[in-house]
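**Student:** generate coordinates for the sequence data below:
(chains A and B)
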Amino acid sequence: MPSSTSSSRRLTASDRPGVAQPVPVRDIPAHRWGTVLVCALVLAALLIGAWECHWRKFGAYPGYRDDAMMWARQRLRIDAGEGDATVLVGSSRTFFDVQLPVWKELSGRAPIQLALDGTSPTTPLEDLADDPKFKGRVLVGVAPDLFFTGYEFMGGNFRNYRKHSPSDWVGKWLSMHFVEPYLAFYDPDFALFTVIKRQDWPLRSGMHGGTQVRKLTQLGPDRNNTMWTKLVTDPQYRALARRIWDEDFHDPPPSAAELLEKKKTLYLQIARNAAAVARLRARGVTVVYVREPSTGNYVDYETREFPRQAAWDQLMAHVKVPGIYYDDYPQLRSDRYELPEWSHMTQASAERYTRALYAILQQQFPPDDGSRW
Amino acid sequence: MVFNTLTFAAFFLVVLLLHSLPLGWKTRKVNLLLASYVFYAAWNPPFILLLWISTVVDWYAAQGLVRAERPAARRAWMLLSVIANLGMLLYFKYGTFLLHNFTALAGAFGVHYSPPPFDIVLPVGISFYTFATMSYTLDVYLRRALPARNFLDYALFVTFFPHLVAGPIMRPTELVPQFETPRRATLQQLCFGLGLMTLGLFNKVVLADTFLSNAAERVFDGGKAPGLLDGWLGTLAFSGQIFCDFAGYSTTAIGAALCLGFCMPDNFRFPYAAVGFSDFWRRWHITLSSWLRDYLYIPLGGNRHGPARMNLALMGTMLLGGLWHGANWTFVAWGGLHGTYLIAERRVRGWFAGYQPGPLALFGLGLLTYALVNLTWVFFRAKDFTIAWHVLRGMLGANAGAEPILPTVYIVVVATIIPLLVGVHWFMRERTLESALARVPAPVIGAVWGLMIYLIVISQGAGNAFIYFQF
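**Tutor:** Numbering: from 1, shown residues only, chains lettered A, B, ... in the order given. Next up, the predicted model:
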């Protein structure tokens, strides 16, 4: 195609005030663009292949992305007729430690997994409480540092879950069928800027360091989550994961004002839970809270910052529904399970833990309507 | 549907296949029209009704204009189009804003008015397609163009998916004639079009979303008053982000149209190489600035009635141009600042008439223009005036004791990309992309293209919407 003006300057509407604009003409530079495109695609394929090999060598394998669509898919099962299901809300421990296939084997039906990494379950619980379609059972996982602070690292995943566009749904479907099951590098932990950010950059004067939590999970299409095997097999990676948790455990003691604020936040979370549970109970929904095991420096930190008496016991006193504290049940105690980075169980441990937890729930806290958990 | 998603990739593949089938031209146009409706409905299907209203009203208004003989009747048809389009825009885009301001004004006079909740979702692209359809009626009213010969060509002009939601804002005379004769892209057009799409997506996914948006976000949304370095870096990062985001969209749109055999006009011409603000507006969002000039500034009197009236027309145009971007006074301030710059520039040019800057002075003036444009971006990016003042004070070094905000990696990224971006703009100042590419050896182009695809893929963009979608 010829150029509209010359090879180096093309007129636009800004050069033609107050007149009807003519049909634009776009010149094509004189190259064999078909050949150039093929070369580009070959190079891109080679580079992407090398990137994939690099991450597979690192220990990664394909899995599903835990994004807002993934959460919405599970949450909308209630709207789609599964209002009588068992729903799991909680933070990452509920996500790791409860294995859906084991639960399904015991109960005959897989629960709806709504737990989210780094996120308090209170808002999703309130959402269930406000949904008249939901009349099932809820297991609420309690990780004290998230639950009693109301922290919502992945809060974006559950906001507006009913407002995703048709385009979002098609995109997720395509991704789950053609991308996620095949590419190991397609994981937020291996995204370009994430990789660049975690290089050893000098710390800017006046700023505190803080390492972003690394990949710990491997997700299935039904949001069944297992621990990434690298944490089990690679001692260095496991040590790194522990070191990252440990960075949060050495804050200076809070001031009196901060302490007061912390206490207010804790009681606010308890009050929110109590209100949500009251609404659920009024509809006949069975609710049980679970404090999952933790070990090492993590449990020391939790015990120091959120002592059982001041946190868990207060919660139980207000929500007035049963609670399962791992230390109170020999079959749930942390020394029976392997938690490589102090907070989450290996897949094998999680499967045993799920059996033990399910047995307690079914035997000691059976649903009011006589159904199975 | 957003260009940087798998959904669009699949959609575009299907459209390309359909368009290349040996079908009649009318059938292929119907395919394109239906595909464009699917493209739009993929966000929020009910809003397709608004698109239809805008399409039908302007079609009949233009028909009425042709038949009308009396000036009053012509004016009435033109006003019908303007009122219908601006009415939709006012309701959906400015309804909440107007209500808030009315409530605040009433409160200032001691009247406490609590309006019922007015929770309106902004239909994506409404500012763009209402301007496109209005230009159709206005061109006929101003006797610059004849109406389209058939409804299909006209409806396709309004709805053609590459430009539908974020421009370039097409004029009917640019696109309708292209639908009158059969078009199918040549292999050269198809491949070059794919190259433009890659370049556009690279700008959006890699530069804007991956590298620059985070730094801007930390400074503008972090809740801390920035110091001198953070204030400037955050603003510079946003200047790069907004360019790469929006120019990236336009380039992808132009590439997508070219793949189908259609030509769309440039929307950007390396704006950060502008020397002066009139030059900047000839390079930034060209299709909007020329639209405002042709249908607002010139009808308001333009430069035909003396300097005072011209300044008034200029300021009015820029204030409304600012408001077009969003229902917030910060956008009005952004437009007002640009209006002030333009008026001041005319005055300064009068003082220095005949002055021809040398290369170094030209570069210095270019940098000064870029620095002043950055000050305006603060109002564009900040959610409210408090944040804008915090950042501006930071940029002037007036936030004593400000804590550092950006970690080293962000500083390195912004300090690397922004000078490169400005450098590229300066190098390309008097060139087009095509003229520059013609001089680059094909293997180099292939290598850079492959690298861009690779970086787009490994960036793992989350399909973030383009910034201009909200306008």
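**Student:** check contacts around B:Gly301.
**Tutor:** B:309-310, B:312-313 (Cβ atoms under 8 Å, 6 or more residues apart in numbering or on different chains). (C-beta placed from N, C-alpha, C; glycine too.)
**Student:** which of the residues you listed count as buried?
**Tutor:** Among the contacts of B:Gly301, the ones that count as buried by 16 or more other Cβ atoms under 10 Å in any protein chain shown are B:310, B:313.
**Student:** now the contacts of B:Gly301 in TSV, please, with extra columns for secondary structure.
**Tutor:** Formatted as TSV, the contacts of B:Gly301 follow (DSSP: H, G, I helix; E, B strand; the rest coil):
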residue	secondary structure
B:Arg309	helix
B:Met310	helix
B:Leu312	helix
B:Ala313	helix
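**Student:** the contacts of B:Gly301: which two are farthest apart?
**Tutor:** For the contacts of B:Gly301, the farthest-apart pair by Cβ to Cβ is B:Met310 and B:Leu312; their separation is 7.2 Å.
**Student:** wait, A:Ala13 sits on B:Met170?
**Tutor:** No - under the criterion of Cβ atoms under 8 Å, A:Ala13 makes no contact with B:Met170, lying 10.0 Å away.
**Student:** residue contacts, the nearest residue to A:Gly155 once chain neighbours are set aside?
**Tutor:** Leaving aside its chain neighbours, A:Gly155 sits nearest to A:Thr119 (6.1 Å; criterion: Cβ to Cβ, 6 or more residues apart in numbering or on different chains). Residues in contact with A:Thr119, defined by Cβ under 8 Å, 6+ apart, are A:91, A:146, A:151-155, A:157.
**Student:** counting by contacts, list what the lowest-mean-pLDDT helix or strand in chain B packs against.
**Tutor:** Across the helices and strands of chain B, mean pLDDT, DSSP states H and E gives its lowest value to helix B:71-108, namely a mean of 89. If contacts are counted by 3 or more Cβ pairs under 8 Å, 6 or more residues apart in numbering or on different chains; DSSP states H and E, helix B:71-108 sits against helix B:48-67, helix B:126-141.
**Student:** ranking those helices by burial, who's on top?
**Tutor:** helix B:126-141 (a mean of 25; mean count of other Cβ atoms under 10 Å in any protein chain shown).
**Student:** what count of nearby residues applies to B:Ile387?
**Tutor:** Counted with other Cβ atoms under 10 Å in any protein chain shown, residues neighbouring B:Ile387 total 20.
**Student:** isn't it up against B:Glu217?
**Tutor:** No - applying Cβ under 8 Å as the test, B:Ile387 and B:Glu217 come out as separate, 11.9 Å apart.
**Student:** now, among the contacts of A:Thr119, which is nearest to chain B?
**Tutor:** A:Asn157 (11.9 Å; Cβ to the nearest Cβ).
**Student:** thought that closest one was touching A:Asp67?
**Tutor:** Yes - counting by Cβ under 8 Å, A:Asp67 is a contact partner of A:Asn157 at 6.8 Å.
**Student:** which one of the two is surrounded by more residues?
**Tutor:** A:Asn157 (22 against 17).
**Student:** contact partners for that one?
**Tutor:** Contacts of A:Asn157 by Cβ under 8 Å, 6+ apart are A:66-68, A:70-72, A:116, A:119.
**Student:** that one and A:Leu88, how far apart?
**Tutor:** A:Asn157 is 15 Å from A:Leu88, where distance means Cβ to Cβ, to the nearest Å.
**Student:** same check, this time on B:Phe380
**Tutor:** For B:Phe380 relative to A:Leu88 (Cβ to Cβ), the value is 44 Å.
**Student:** and if you look at A:Tyr337?
**Tutor:** 18 Å.
**Student:** which of those two has more neighbours?
**Tutor:** Counted by other Cβ under 10 Å, A:Tyr337 and A:Leu88 do not tie: A:Leu88 has more neighbours, with 26 against 21.
**Student:** return the list of helices and strands in contact with the helix or strand hosting the more buried one.
**Tutor:** Remark: A:Leu88 resides in strand A:86-89, with elements defined by DSSP states H and E. Using 3+ Cβ pairs under 8 Å, 6+ apart, the elements in contact with strand A:86-89 are strand A:112-113, helix A:122-129, strand A:137-142.
**Student:** partner strands of that strand and their direction?
**Tutor:** strand A:112-113 (parallel), strand A:137-142 (parallel) (DSSP bridges).
**Student:** reformat the helices and strands packed on helix B:71-108 as TSV; add distance to chain A and mean pLDDT.
**Tutor:** TSV is the format used below for the helices and strands packed on helix B:71-108 (distance: least, Cβ to the nearest Cβ, whole Å; pLDDT from 0 to 100):
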stretch	distance to chain A	mean pLDDT
helix B:48-67	12	92
helix B:126-141	6	91
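**Student:** what would those look like in a markdown table with distance to A:Arg238?
**Tutor:** Shown next, in a markdown table, are the helices and strands packed on helix B:71-108 (distance: least, Cβ to Cβ, whole Å):
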| stretch | distance to A:Arg238 |
| --- | --- |
| helix B:48-67 | 53 |
| helix B:126-141 | 52 |
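**Student:** dump the contacts of B:Gly301 to CSV, plus distance to chain A.
**Tutor:** Output for the contacts of B:Gly301, formatted as CSV (distance: Cβ to the nearest Cβ, whole Å):
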residue, distance to chain A
B:Arg309, 17
B:Met310, 14
B:Leu312, 18
B:Ala313, 13
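**Student:** ok, the contacts of B:Gly301 vs B:Thr340, which is closest?
**Tutor:** Once Cβ to Cβ is applied, the member of those that ends up nearest B:Thr340 is B:Leu312, at 12.8 Å.
**Student:** the closest one and B:Gly306, how far apart?
**Tutor:** Applying Cβ to Cβ to B:Leu312 and B:Gly306 gives a distance of 10 Å.
**Student:** do B:Phe211 as well
**Tutor:** 48 Å.
**Student:** ok, back up a step: inside helices: which ones of the contacts of A:Thr119?
**Tutor:** A:Leu146 (DSSP state H).
**Student:** of the contacts of A:Thr119, just the buried ones, ChimeraX syntax please.
**Tutor:** Filtering the contacts of A:Thr119 down to the buried ones (16+ other Cβ under 10 Å) takes a single ChimeraX command:
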select /A:91,146,151,152,154,157
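**Student:** contacts only, for B:Thr330.
**Tutor:** So B:Thr330 contacts B:379-380, B:382-385, B:388 (Cβ under 8 Å, 6+ apart).
**Student:** related to what we said a few turns ago, what residues are shared contacts of A:Ala13 and B:Met170?
**Tutor:** Common neighbours of A:Ala13 and B:Met170 (Cβ under 8 Å, 6+ apart) are B:265, B:287.
**Student:** please name whichever of the strands paired with strand A:86-89 is nearest to B:Val2.
**Tutor:** strand A:112-113 (28.2 Å).
**Student:** got a list of contacts for that closest one?
**Tutor:** Contacts of strand A:112-113 (Cβ under 8 Å, 6+ apart): A:74-75, A:77-78, A:82, A:85-88, A:95, A:98, A:100, A:222-225.
**Student:** what's the answer for stretch B:26-39, then?
**Tutor:** By Cβ under 8 Å, 6+ apart, stretch B:26-39 touches B:1, B:11, B:14-15, B:18-19, B:21, B:23, B:48, B:51, B:152-153, B:155-156, B:159-161, B:164, B:179, B:182, B:260.
**Student:** could you pull out the buried residues of that stretch?
**Tutor:** Buried-residue list, stretch B:26-39, by 16+ other Cβ under 10 Å: B:28-29, B:31-33, B:35-39.
**Student:** among the contacts of strand A:112-113, name the buried ones.
**Tutor:** A:74-75, A:77-78, A:82, A:85-88, A:95, A:98, A:100, A:222-225.
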